[in-house]
Every structure is written in structure tokens, then in C-alpha cells.
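K.L.:
Any chance you could fold what I've pasted below:
(2 chains)
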Amino acid sequence: MNSQELTTLYDKAKQKNAQYKHKICVCCGAGCISSGSEEVLKKIQEEITARGLENEVSAVPSGCMGPCNQGPLVKFLPDNTIYQKVDCKNIQYVVQRQLIDKKPIEDLLIFSDSREKPFLNADEDPFFKKQLKIALKDCGDINPEEIDDYLNIGGYSALDKVLFKMLPEEVIAEVKHSRMRGRGGAGYPTGFKWETVYKYVSAEKYVICNGDEGDPGAFMDRSVLEGNPHRVLEGMAIAGYAVGASQGYAYIRGEYPLAIKRIENAIKQAKKLRLLGNNILGTNFSFDVQVRIGAGAFVCGEETALIASIEGKRGTPSPRPPYPAESGLWGKPTLINNVETFAGIAPIINQGGEWYSEIGTPKSAGTKVFALAGKIKYSGLIEVPMGTTLRQIIFDIGGGMQDDGEFKAAQTGGPSGGCIPAEHLDVKMDYESLLSLGSIMGSGGLIVMDKSSDMVDVARFFMEFCMDESCGKCVPCRVGTKMMHDLLQKICTNHATKIDLDRLEELADYVKECSLCGLGTSAPNPLLSTLRHFREEYENRIRQFEELQP
Amino acid sequence: MRVRKAKKEAEISKNDPRVKFLANKIKKENYSPGSLIEILHTAQNAFGYLPLNVLQYITKALKLPPARVFSTVTFYHFFSLKSKGEHTCLVCTGTACYVKGAQAIVNELEKQFGLHSGQVTPDNKLGVAVARCIGACGIAPAVVLDDEVLAKVEPQELTQKIKSKLAAS
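P.N.:
Next up is the predicted model:
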């Protein structure tokens, strides 16, 4: 296929979609499926057929729409009306009222159970209005299992543009200009990473998409892979062209069977249209993607461990340098980026690095997806410009605390991150501001806690996680996390003295400084940040025990 | 001096359809040691867990040292050397589920069935395990009961559901 044929495909996809007056998207993300959305979709399709509307209305599964705890969600396009908690029993009623009578059912509108006046157009609801979606833009509007849906919204046009109008250097310059930073957690500038890999001369190079989202509380990679897998593939192919790689690997957690299924399906479809594989769009550029399934090791999110895992070995990290950019998979230069990073590439190419760099803060450009969970009214997935404050995220978008409880802390960055207390609610969510509070951006998990959460126990919980997930290769992490966990356990059960606390702080520094990879160096973060912001909780427990002593 | 011989594992039958399935996968992957993890996934899907004789078979097919295969299997949480039980109940204990009371679910399962994480009832009917995060944080606390993800789980409701499943089987 060449570029012209792609235009023909666009026209065909457009035509196919134009015949439908209405499109009904049923969220088939992991959250909604568990509330029964697949059954709802089936019932809607049956209802459409029964009414003889199948030539006017298309009902398709879609990716995650965001408010996961309101599921199953059904979206009616082009009105953009979202119904929540749709039950199989009232499908007939919903279709009748929405499509035939054109009288939307107020009681079923999104957030109708908690807002005084729900919105007909979901985008006007504060939950959606305050967001800016780039990576998640089309999740929820397209059928992730049909490449036509992706082509209909101009899919693979960025790949077409780079292959015919841009040199690899220009692609890299554009990504650099966007000032995008890696969305996996560390925030390394994406453009520089690409440039480094580009500069190494090698016949073979690899592009790896890191979808080993092990961080508990984060599920954005899952939603992107489930909701818009072609966008990730397009980003990977563009990266392959820019750095000179012809083989890509998508490493996805074994815990995400649906994401694996959808990306495998997407690869098959793209190959069929020659948008992946040999001689893409009739050029000399070839790029293939293989899926590798993770096997449940948190440490495999670390790039060197992930590479070992793709090679079929134990996922233990290796010392850097050499960085994967120089010597990665099978000893060849390798580019590793996160799912969300790849999802942001096509918009940057299409709309320009300049456009992207103007979003967000001077140091952290663009948008970030956060997974809201915990004691918050509307949990789910949101995407906001970098620099949005925590207060805006929790109270404006997330609707505030569940059961109107009192906010105590928000945990960001999972087991590598830290807790942000109430006095820092106005912190801007960007890489540097979070770091200055002793937390990290991480992959974007955001867990809200109220007064019922005991911070010492939270620290113990994360330490237990790191202790279990430590690969055992280096001593500071293997032994250090165990010792810190035992000390935290001692404090939790009110058996610790002041000496134990001193010892704990000393150990935290050692582990932070001496560990081999990111797991160890960041394992003390939850402990240190809770010590910094909630020290009195630790000291109260110690005092209680010491007062009992004779 | 008496040398204690290691107990010899039963050879696997070449006619077993699951073995054929596995053999096909190994062939498809070109007997490449790099695809060990993919092959282990296939084996575990076919057998439900990784019996030792199956591991020996893979070891021979890929021409890898047994230690290499065994160390890989034991490194990853996903692989299991023991049968997981006919029905499996996987409790997510990720942060969001933890904040919303996953521990109460784990405790209830322990109280009702006497099972800790990773244990199976003596009759091999029910196995309980905990997961680090299944990425369903929006509907916490989540439990996966026989591949079905349950949302906002109440401990008592869950044990009721399991009991009815056990009774039905």
C-alpha cells in the first residue's frame, strides 16, 4: 500500500461511518466489563436490530471513558450524552427515549446521582470539562478492535507524514521541540533518548514499549492499550523510523489479558493493511511489532530488567552504564518508552512540537494521565495539563472526598512515590514540584486517603510490596527492605522505641544511596515522605510503648 | 555409601493433546531460548500450572540447563509449580483496594475456608491467591473469581458466592 491508497482507505472509512446517524459506544474497559458492560452492548445491538435501525445506528465497544466506578457507561454520539450504571433490563427504554423520542433520561445521565443538574453533553460536566485529553483523546469514542475506526479519525496520518515528508533527524527535532518527557516515571526527555539511540551505529536496533505497569494504583497504560492500541503502534513505528529500528516489542503485563488481546489484534490488522511489516506504505522502511507477555514481576518495569525478561531470562536489572540506548536488547541499541509516551507521539507529529510544548509548565510540557482511586467520589482515569494542582484534580474533577470525609493525604507514584499531606494540596502536579515534596510523578497513580488511613501502616504496606518485589540481586535492596519492613511492623504493633526509628531512618538512607536499580533507590520514599509529613504518627506510637516500660 | 536417587518424574505422554499444543508452540518459536517465558505461559495455560515433567520437557526442547528454566519459573509470580485449584479466588491487594478494605476480604477468606494466599483446599476445589494490582482501581476492592472480575466486593457476599460455586461443582 502507498500513501495514495491510505487516502482511499480514509475515504472508505469515512463513508462507512457517514451512513450512521448515531453511534453508541459501550465502554468495554476493564472496569466497566466487570460491571457487565459486555452484556449491555449485546442487548443494545439486539435492540437496534429488533427496531430495524442497523443501517442508521452503530453500537460498538469502546475503550475507557474515565469515570470507572459509574459503569457500565454508554455514550451516544454525536450528542455526546453518557449514561451511567446502565442495566440490561432498561436498554429498551434507553434506546426509545434517547434515539426515538429524543428525550434523554435525566436519572441515568452521568453523575446524575450526585450532581444537582447533570449535563446532557458530558463534556460540559466538570469531570470532563477541566480535562485536556491527548493520550486518551479517542479512547471511548472508537472501537479499539476495528482499524477502520482509527483510520476514520485520521489514524496513521502521522506515520504517513514522517515517512514521506520528514527525515529521521527532523522527527527527533520535532519530538525534542515538544519538550515531552517520558511518562513512565523518571521523566527523561523523550527527544534526547531518541537522539541517543539514533546516534549509535548498528545494523540492528530495537524499540520497546514498556507496558509492564506494575505500580499498584495505576491503570493508564492498560486503558490506552485497551482503548486505542493503534495509537501506540503508530507511535512505536514513528520511533522505529526515527531511530532506525525495524523490530519493536510491546511488553505487556500478564495481568492484562484484554490489553494483550487487543494489541495483538491491532498488530494483525495493521499488518494486513501494510501499515506495519515490510515496506510500510510502499517505502523502504520496515517495522514489525511482537508482543511479549510479562509474568508478574514488578521489577520488570525497570528497563534493564525488562530487557532481560524479553530475552527469556530472570528479570533482574543490570548496572547502567551501558544504558539500553547503547547496549540493550541482545546487546543492540534499544529505545524504551512507556505506553503513554508512545500514545503522545502521533499528536506531536500531526500538530507540531510547538503546540505540545505550550501545554503544561515550562519544565514539564504536555498532559499527564492520572488514575484516581481510593476515598474519592469519582474514581477513574483523567488527563490534565501538567501543572494542574492537586486540589483541582481531587475537588474539581474528582468531585471531592467520598462520603464528604476529610482529606488526609494523596499518594502518588506507587511504591516508589510518597504521600502529599493536606497542607500541600495546592502543589502543582509536575515532575519537579512532586520531587520537592519527597514524592514522584511515577506512572500517575493517585490514591486519595482520608482520616481512616493510618500512615505508618501505609508505609508498611508499601515496604512489604518492595520487599516482596525486590529481585534479590543487590544486598541493600534485598536485605534493606526486609529490615525496614520488620522495623515498620514493630512500630505498627506498638513495640518500637526511639532507637528503632533512628535505625529506620539510617537504613532508609543506605538503601536509597546504595541500591542497584530504581526499585531499591526509591523503596524508602513512602517511608521517608510519611516520616516527613506525618512524623507525629510514628512518634505517638513509640511514646505509647515507651510509657508502658518501667 | 548409599546414594539416594532423586525421585524420577513420570514421563509425559506424547499423545496428550496439551503436550502436542506445547510442542507446536515451541516449534513456532523456533526452539529459541529467548522465548522461554512465552513458552512457559503457553504451558501454564494448557496445564493450569507447571508440573516438573513439563518443565523437563521444555528444558530438553530448548536445550537449556534445568537450573536456567527453574530459576526463571520461580522468579516470576505468574508461574506456579503447584496446582491452583479448580476454582480460584484472586484478591487484589493493590493500594486502592488496600485503602478500600482488601484486607477484610483476605481475612474473611481465611476465616471461612482456612486458606492463606497461595493455598489450596485439600480436595483441590478452591485456591486463594492475592495479586499486587490488577489495574481495576476504579472499582476497588476487586476480586477475580474464576476469570470474572468482581467490583466493589463485600467480604460476606464473596464467600457466599464461592460457597454456591463450590456446591454447584
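
K.L.:
CA atoms for contacts and neighbours, from now on please.
P.N.:
Noted.

K.L.:
Residue A:416 against residue A:519, yeah?
P.N.:
Yes. Using C-alpha atoms under 8 Å, residue A:416 is in contact with residue A:519, at 7.0 Å.

K.L.:
top helix in chain B by residue count?
P.N.:
helix B:155-168 (DSSP state H).

K.L.:
quick one: is that helix near chain A?
P.N.:
No. Counting by C-alpha under 8 Å from any C-alpha of the partner chain, chain A is not contacted by helix B:155-168; separation bottoms out at 14.5 Å.

K.L.:
List the buried residues in that helix.
P.N.:
Of all the residues in helix B:155-168, those buried under the rule 16 or more other C-alpha atoms under 10 Å in any protein chain shown are B:155, B:158-159, B:162.

K.L.:
same check, this time on stretch A:391-411
P.N.:
A:391-394, A:397-402, A:407-411.

K.L.:
Strands - which of these land there?
P.N.:
Among the buried residues of stretch A:391-411, the ones falling in strands (DSSP state E) are A:407-411.

K.L.:
Could you identify the most distant pair in the residues you listed?
P.N.:
Spanning the widest gap among these are A:407 and A:411, at 11.7 Å by C-alpha to C-alpha.

K.L.:
overlap in contacts of the two?
P.N.:
Counting by C-alpha atoms under 8 Å, 6 or more residues apart in numbering or on different chains, the contacts common to residue A:407 and residue A:411 are A:448-449.

K.L.:
and stretch A:253-264, which residues are buried?
P.N.:
Result for stretch A:253-264 [16+ other C-alpha under 10 Å]: buried residues A:253-256, A:258-260, A:262-264.

K.L.:
Need the contact partners of that stretch.
P.N.:
Counting by C-alpha under 8 Å, 6+ apart, A:30, A:144-145, A:211-214, A:222-223, A:225-226, A:229-230, A:252, A:291, A:293-296, B:78, B:134-135 sit against stretch A:253-264.

K.L.:
Select from these every entry located in helices.
P.N.:
A:30, A:222-223, A:225-226, A:229-230.

K.L.:
same for chain B: which of those residues are within range?
P.N.:
Answer for the ones in helices among the contacts of stretch A:253-264 near chain B (C-alpha under 8 Å from any C-alpha): A:30, A:222.

K.L.:
So which of the ones in helices among the contacts of stretch A:253-264 sits lowest on pLDDT?
P.N.:
Note: of the ones in helices among the contacts of stretch A:253-264, the lowest pLDDT belongs to residue A:30, at 82.

K.L.:
Am I right that that one is in contact with residue B:136?
P.N.:
Yes. If you go by C-alpha under 8 Å, residue A:30 and residue B:136 touch, sitting 6.6 Å apart.

K.L.:
So which of the two has more stuff around it?
P.N.:
residue B:136 (31 against 27; other C-alpha atoms under 10 Å in any protein chain shown).

K.L.:
Return the closest of the buried residues of stretch A:391-411 with respect to chain B.
P.N.:
residue A:411 (9.2 Å; C-alpha to the nearest C-alpha).

K.L.:
Who is the closest one paired with across the strands?
P.N.:
residue A:419, residue A:447 (DSSP bridges).

K.L.:
pLDDT below threshold where in chain B?
P.N.:
B:1-10 (pLDDT under 70).

K.L.:
ranges for the helices of it?
P.N.:
Applying DSSP H to chain B gives helices spanning B:17-28, B:36-47, B:52-62, B:66-75, B:95-99, B:102-113, B:155-168.

K.L.:
can you check the stretch 151-300 of chain A too?
P.N.:
Here the stretch 151-300 of chain A has its helices, by DSSP state H, counting those that start in this stretch, at A:157-165, A:168-177, A:190-199, A:220-227, A:229-243, A:257-272.

K.L.:
contact partners of stretch A:482-497?
P.N.:
The contact list for stretch A:482-497 (C-alpha under 8 Å, 6+ apart) reads A:456-457, A:459-460, A:463-464, A:467, A:500-501, A:504, A:507-508, A:538, A:541-546.
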